[in-house]
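Trainee: Okay, here's the prediction I keep looking at, along with the sequence it came from:
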Amino acid sequence: MPTIGQLYQLSKTEEEPSKLSHTYQDIGILGPKARKTPFANPLTQAILFLHLHLTQTHNAIKGRTLSTNGPIRTGELLMADLPYAVLPTVATGSGDDFICSNLGCSRRVSRHATNSVTCESNCSLDVWWCNESCKNEDQSRHDFECAWLKAYSPILRQEVGDHDYYLLWIVVRILAARYLELQGTTPTNIHHQFTFQDRFTSGWDGIQLLRTNRDSWPASQKPSPPTPSESTITRGTEYGLALFLRITLANHSCTPNVTHQADDRGRMMVTALRDIAPGEECCTSYFDLSEYVDLQARRQKTQDLFIFTCTCPRCLDEEAQLQK
Ligand SMILES: C[S@@+](CC[C@H](N)C(=O)[O-])C[C@H]1O[C@@H](n2cnc3c(N)ncnc32)[C@H](O)[C@@H]1O
């Protein structure tokens, strides 16, 4: 079950991040249907937002699902999800930008920004912060990974390649978040402030729920998992690699009713593509549907990347047409 996803910057043809941020920051316009929970991080005030009508349900084949228990209008913001862990995936030394390592910030910043700082121990060329405040705020989390990065990042990167190196590093960052959560000092530790834990599990408890639901699949849907290789992974415009606990509940549909886009600070913004009725499942698309148009191409894509055969209404309808 893929739960760690690339964050992509919005392309120029899509809605500008600033517009999304504006809708989000001006969250009062959503009125009483919206609840907001200030994030623990006093410096950045990153905000986790969940629409009051969003809920979690279960489907025998798909596993956990994101659903609604009330009406949602086209264009409404459903979720601004914060990552549990995020890391930069831009090749070392390349490009002008970095992602601030402070989880509560996660902004993309120019390497030439006057206030940017790096780790004194030179543990990794990928670890940067916007400024001293972000570094101080992130210090205890970074201390957890610093020795590991210094000892292993050059060797691992060479020996296993970027893809596997990033997967190992994000596991270290997930453990760092867990460690800080136990200390009660982390900005990811929103558990105690979050008032609707009953609907969405936060923190390490949420990580523990991330396991495959393959046991519930019919035998026909259980091929051997493909070995991901650099050539089979379409990365798009890279922003970072992140783990989200709430948007990960959204299943795939080839006629999605929601869309997800990373904003410019590593949050995943989920917006309704059409009116959604109470009780409907909220599905997004896991890939660019304009690139995978016919049924066979789309089904191959979900098999290759996520090991399931899509049975969304569009796929079933097209399948029936082909069988006529
Ligand atoms: C990001 S998770 C979505 C949440 C997942 N259902 C869960 O229980 O955590 C992706 C996984 O959900 C399942 N899934 C998503 N969309 C599906 C679909 N249209 N049909 C069948 N399974 C689907 C697959 O197991 C896939 O690997």
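Mentor: Sure, I can see it. Small disclaimer: the values here were computed from a predicted structure and weren't measured.
Trainee: any idea of the mean pLDDT for the helix or strand hosting residue 171?
Mentor: In this assignment (DSSP states H and E), residue 171 forms part of helix 132-183. Taken as a whole, helix 132-183 carries a mean pLDDT of 91.
Trainee: ok, residue 288 to the ligand distance?
Mentor: Computed with Cβ to the nearest ligand atom, to the nearest Å, the distance linking residue 288 and the ligand is 16 Å. Where you see a C-beta, it was placed from the backbone N, CA and C, and this is true even at glycine.
Trainee: that older thread, next SSE after the helix holding residue 171?
Mentor: By DSSP H and E, the next helix or strand past helix 132-183 is helix 203-208.
Trainee: Please name the strands paired to the helix or strand following that next one in the sheet, noting orientation.
Mentor: Once helix 203-208 ends, the next helix or strand along the chain (criterion: DSSP H and E) is strand 238-244. Partner strands and pairing direction for strand 238-244 (DSSP bridges) are strand 4-8 (antiparallel), strand 83-87 (antiparallel).
Trainee: Not counting sequence-adjacent ones, nearest residue to the closest residue to the ligand within the stretch 201-324 of the chain?
Mentor: As assessed by Cβ to the nearest ligand atom, the ligand sits closest to residue 251 within the stretch 201-324 of the chain, at 3.3 Å. Leaving out its chain neighbours, the residue that sits closest to residue 251 by Cβ to Cβ, 6 or more residues apart in numbering is residue 62, at 4.8 Å.
Trainee: repeat for residue 256
Mentor: Using Cβ to Cβ, 6+ apart, the closest residue to residue 256 is residue 285 (4.4 Å).
Trainee: Identify each buried residue in stretch 99-116, please.
Mentor: For stretch 99-116, burial by neighbour count (16 or more other Cβ atoms under 10 Å) applies to 99, 100, 101, 102, 103, 104, 105, 106, 107, 108, 109, 116.
Trainee: Looking at these, which is nearest residue 204?
Mentor: residue 103 (14.3 Å; Cβ to Cβ).
Trainee: The closest one - that's part of a helix, no?
Mentor: No: assessed with DSSP: H, G, I helix; E, B strand; the rest coil, residue 103 is coil; it does not lie in a helix.
Trainee: Which pLDDT value belongs to it?
Mentor: Predicted confidence (pLDDT) for residue 103: 84.
Trainee: wait, doesn't it sit right on residue 85?
Mentor: Yes: counting by Cβ atoms under 8 Å, residue 103 touches residue 85, with 7.1 Å between them.
Trainee: What is the neighbour count of the residue nearest to residue 256?
Mentor: Neighbour count for residue 285, taken as other Cβ atoms under 10 Å: 19.
Trainee: Please tell me I have it right and it contacts residue 254.
Mentor: Yes: look at residue 285 against residue 254 with Cβ under 8 Å: they come within range, at 6.8 Å.
Trainee: In the chain, what helix or strand scores lowest on average pLDDT?
Mentor: Ranking every helix and strand in the chain by mean pLDDT, DSSP states H and E puts helix 17-25 at the bottom, with a mean of 31.
Trainee: Tell me the spacing between the residue in the chain positioned nearest to the ligand and residue 281.
Mentor: Nearest residue of the chain to the ligand (Cβ to the nearest ligand atom) works out as residue 63 at 2.7 Å. Residue 63 sits 12 Å away from residue 281, going by Cβ to Cβ, to the nearest Å.
Trainee: before we move on, back to that, by contact count, what packs against the helix holding residue 171?
Mentor: Under the contact criterion of 3 or more Cβ pairs under 8 Å, 6 or more residues apart in numbering; DSSP states H and E, helix 132-183 touches strand 83-87, helix 203-208, strand 238-244.
Trainee: quick one: the most centrally placed residue in the chain from residue 183, how far?
Mentor: By Cα atoms, centre = their mean, the mean C-alpha position of the chain lies nearest to residue 244, the distance being 4.2 Å. Distance, residue 244 to residue 183, using Cβ to Cβ: 23 Å.
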